[in-house]
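S.K.: sequence and predicted structure, then a few things I'm wondering about:
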Amino acid sequence: MDLKAFEQRIESGGRLTADEALQLYRHAPTYWLGRMADGVRRRRHPEGLVTYIIDRNVNYTNVCVARCNFCAFYREVGHGDGYVLGFDEIARKIEETQALGGIQLLLQGGHNPDLPIAWYEDLFRSVKQRFPDFKLHALSPPEVLHLSRMSKLPVPEVISRLIAAGLDSIPGGGAEILVDRVRKLLNCFNKASADEWLEVMRHAHRAGLRTTATMMYGTVETDEERIEHMARLRAVQDETGGFTAFIAWSYQPEHTERGGVEATGIEYLRTLAISRLFLDNFDNMQASWVTQGGKVGQLSLAFGANDMGSVMIEENVVRAAGASYCMDEVEIVRNAEDAGFVAKRRNMHYDILGGPFFREHAVPRTLELSTAREAGDNSVPAELVNYPARSAAGKRQRSQPPASPVA
Ligand code: SF4
C-alpha cells in the first residue's frame, strides 16, 4: 500500500473510493490514520475549537414492537416496566435542562403502538407553547416510518405535520448499519430497511430540516459493510447536504438478546478516523464519549472528531446495555481544553452560542446522568386517555379509572 500517495491525495482534498477506504481501514497503521484524520479536521476547522451542545437525551417511551436483538432498552407491550412519559414530566425535564444552560431535547423512543401521531403533535405543541425557543431534535427515521405506517400517511406528510407541531430537526438514530443483510440479522430490517432510512432523511432534508447520521458498528457486519454504510451516507449528503454531523459508536452488548463483546478503543478510533477521511462532505464528527468513556472520547479529538456531542443530562439506552459514563459540561470542557482546544457551546446547526455556561452561571455539578423515571415509578400520564390505544394491553390500561393520589 502506497501510503505516501494516499497522503498526497488526502492532503490535496482528493476523494477516497470505497475500495481505498477499506484498504486503509484494514491495513494503514493507527498512528497514520489519526494523523491524516487530524489533518482533515484542522483544514475544515482551523480555528482550534471543539464544540458541544447542552441538551437532554429523553426517551419518551420504552415500549417497542420492533424487538431489535441488539437493544437492551425496550419493553414489550403490556410489560410491567413499560412507561410513557407525561407532558408535564417532559416539561419538568425541560425546566431542569434550561437551568443547566440546555437549549433542546433529543427526544427518541420505542415504537409504541398505543401512541398515535396526534399524541406526538400535542406533545410538541405543548412544549412549544410553554418553551417557545426550546428546540426539539426528535424522532429518528424508524420512528417517523412507524408513525407513517400507523397513521397510513406518507412520510413527507408525517414530517410536515410534525414540523407544523414544532419539530426542529431529526436525529440520525436507528441507522445501525445501512446494509439489509446486516439489518435482517439484527432484526431491525422491518423497522426500516437501509433504503427506507435514507429516504426518510431525504424527505426531511427536502422539507428543510437538518439531521445527523449515525453508525452502530461491532455486531455482525463486515469491514466492507461498514464502508458501504458510509458510502450510502456520503451519496445522500452529495444530493442534499442536509446532514450536520456523523456519529459512530460501538455496539453495547450487555443485557441484549444478541450478546457478544464490545469493540475495543483502537477499533473505535480507527473507525472514527476512516469516517473523517471517507465522509469528505460531512463538516462535523462527534466523539462518542457516552459509549467509549471520557478518556477515549478525549483521544477522539486527535482522530478526526471536532465535537464532543451532548452533555446529555439524561441517558437510558446505552445505560441499559451496561455503559454509564457521565461527563457534565465542566468535564467536557476540561477534556477539550486539556487537549489544546477552545471549548464552545453550539446549537444543533453548529452555530456557536458562546463559551462554557458554567463559567457565567452557578450550576451544580452532575456526577451521574438522570434516568427517564425514578425506579418503581409506574405512573400513567393522565392525558393518555385522550388517545386511542391499538394494543389489547393499552386498551385495558386506558379503560381503567386513574388511580387516586395517595394522601
Ligand atoms: S433499538 Fe429502538 S426500535 Fe429497536 S427495539 Fe430498541 S427501542 Fe425498539
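M.R.: Now that the structure is in, tell me what you want to look at.
S.K.: please count neighbours and contacts with C-alpha atoms only from this point.
M.R.: OK.
S.K.: for the residue of the stretch 301-407 of the chain found nearest the ligand, the count of nearby residues, please.
M.R.: The ligand sits closest to residue 317 of the stretch 301-407 of the chain, with a gap of 8.0 Å, by C-alpha to the nearest ligand atom. Counted with other C-alpha atoms under 10 Å, residues neighbouring residue 317 total 22.
S.K.: tell me if I'm right that it and residue 72 touch.
M.R.: Yes. Using C-alpha atoms under 8 Å, residue 317 is in contact with residue 72, at 7.2 Å.
S.K.: spatially central, which residue of the protein would that be?
M.R.: Most central in the chain under C-alpha atoms, centre = their mean is residue 173, positioned 4.8 Å from the mean C-alpha point.
S.K.: quick one: which helix or strand includes that one?
M.R.: For residue 173, there is no host helix or strand (DSSP states H and E).
S.K.: measure the nearest residue to it once chain neighbours are set aside to residue 391 for me?
M.R.: The shortest distance from residue 173 to any non-neighbouring residue, by C-alpha to C-alpha, 6 or more residues apart in numbering, is to residue 140 (5.1 Å). Residue 140 sits 23 Å away from residue 391, going by C-alpha to C-alpha, to the nearest Å.
S.K.: who has more neighbours out of those two?
M.R.: residue 140 (25 against 14).
S.K.: and the pLDDT at the more buried one?
M.R.: Looking at residue 140, its pLDDT is 98.
S.K.: next one: residue 401
M.R.: So residue 401 comes in at 62 (pLDDT).
S.K.: sorry, back to before: so who does the closest residue in space to the residue of the stretch 301-407 of the chain closest to the ligand that isn't next to it in sequence touch?
M.R.: Once flanking residues are discounted, residue 317 sits nearest to residue 73: 5.2 Å by C-alpha to C-alpha, 6+ apart. Residue 73 is in contact with 62, 316-318, 320-321, counting by C-alpha atoms under 8 Å, 6 or more residues apart in numbering.
S.K.: would you mind measuring from residue 73 to the ligand?
M.R.: Counting by C-alpha to the nearest ligand atom, to the nearest Å, the gap from residue 73 to the ligand is 6 Å.
S.K.: let's verify that residue: helix, strand, or coil?
M.R.: coil (DSSP: H, G, I helix; E, B strand; the rest coil).
S.K.: next one: phi and psi at it?
M.R.: Phi and psi for residue 73, reported as degrees, to the nearest 10, are phi -90, psi -40.
S.K.: residues from the stretch 101-250 of the chain in reach of the ligand?
M.R.: Proximity of the stretch 101-250 of the chain to the ligand (C-alpha under 6 Å from any ligand atom) is limited to residues 109-111.
S.K.: doesn't residue 310 make contact with residue 55?
M.R.: Yes. Between residue 55 and residue 310 a contact is recorded at 6.1 Å, counting by C-alpha under 8 Å.
S.K.: okay, and residue 367 sits in which element?
M.R.: Using DSSP H and E, residue 367 sits within no helix or strand.
S.K.: pretty sure it contacts residue 327?
M.R.: Yes. If you go by C-alpha under 8 Å, residue 367 and residue 327 touch, sitting 7.3 Å apart.
S.K.: show me what residue 210 is bridged to.
M.R.: residue 169 (DSSP bridges).
S.K.: ignore the last one, residue 248
M.R.: Beta-bridge partners, per DSSP bridges, of residue 248: residue 215.
S.K.: and the lowest-mean-pLDDT helix or strand in the chain, how far out from the chain middle?
M.R.: Ranked by mean pLDDT, DSSP states H and E, the weakest helix or strand in the chain is helix 317-320, scoring a mean of 83. Taking C-alpha atoms, centre = their mean, to the nearest Å, one finds the center of helix 317-320 at 13 Å from the center of the full chain.
S.K.: with stretch 385-395 instead?
M.R.: 29 Å.
S.K.: buried ones in that stretch, by neighbour count?
M.R.: 385, 388-389, 394 (16 or more other C-alpha atoms under 10 Å).
S.K.: out of these, which touch the ligand?
M.R.: Of the buried residues of stretch 385-395, not one also sits near the ligand (C-alpha under 6 Å from any ligand atom).
S.K.: just send those residues back as TSV, with pLDDT and distance to residue 181 too.
M.R.: Compiled in TSV, the buried residues of stretch 385-395 are given as follows (pLDDT from 0 to 100; distance: C-alpha to C-alpha, whole Å):
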residue	pLDDT	distance to residue 181
385	95	40
388	94	36
389	95	33
394	93	34
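S.K.: which of those lies closest to residue 220?
M.R.: For the buried residues of stretch 385-395, the residue nearest residue 220 by C-alpha to C-alpha is residue 394; the value is 34.7 Å.
S.K.: hang on, isn't the closest one packed against residue 114?
M.R.: Yes. With contact defined as C-alpha under 8 Å, residue 394 counts as touching residue 114 (6.2 Å).
S.K.: ok so, going back, between residue 367 and residue 327, who's got more neighbours?
M.R.: For residue 367 versus residue 327, neighbours defined as other C-alpha under 10 Å are more numerous around residue 327 (23 against 12).
S.K.: did I read that right, that one in a strand?
M.R.: No. Per three-state DSSP, residue 327 lies outside any strand segment and is coil.
S.K.: what pLDDT does the closest residue to it other than its chain neighbours get?
M.R.: Among residues not flanking residue 327 along the chain, residue 311 sits closest, at 6.6 Å (C-alpha to C-alpha, 6+ apart). On pLDDT, residue 311 comes in at 91.
S.K.: next one: residue 405
M.R.: Per the predicted model, pLDDT is 44 at residue 405.
S.K.: what of residue 48?
M.R.: Taking residue 48 on its own, its pLDDT is 96.
S.K.: ok, now residue 166?
M.R.: 98.
S.K.: which strand or helix spans the nearest residue to it once chain neighbours are set aside?
M.R.: Leaving aside its sequence neighbours, residue 166 sits nearest to residue 124 (C-alpha to C-alpha, 6+ apart; 5.4 Å). Here residue 124 sits within helix 117-130, counting by DSSP H and E.
S.K.: noted, bye for now.
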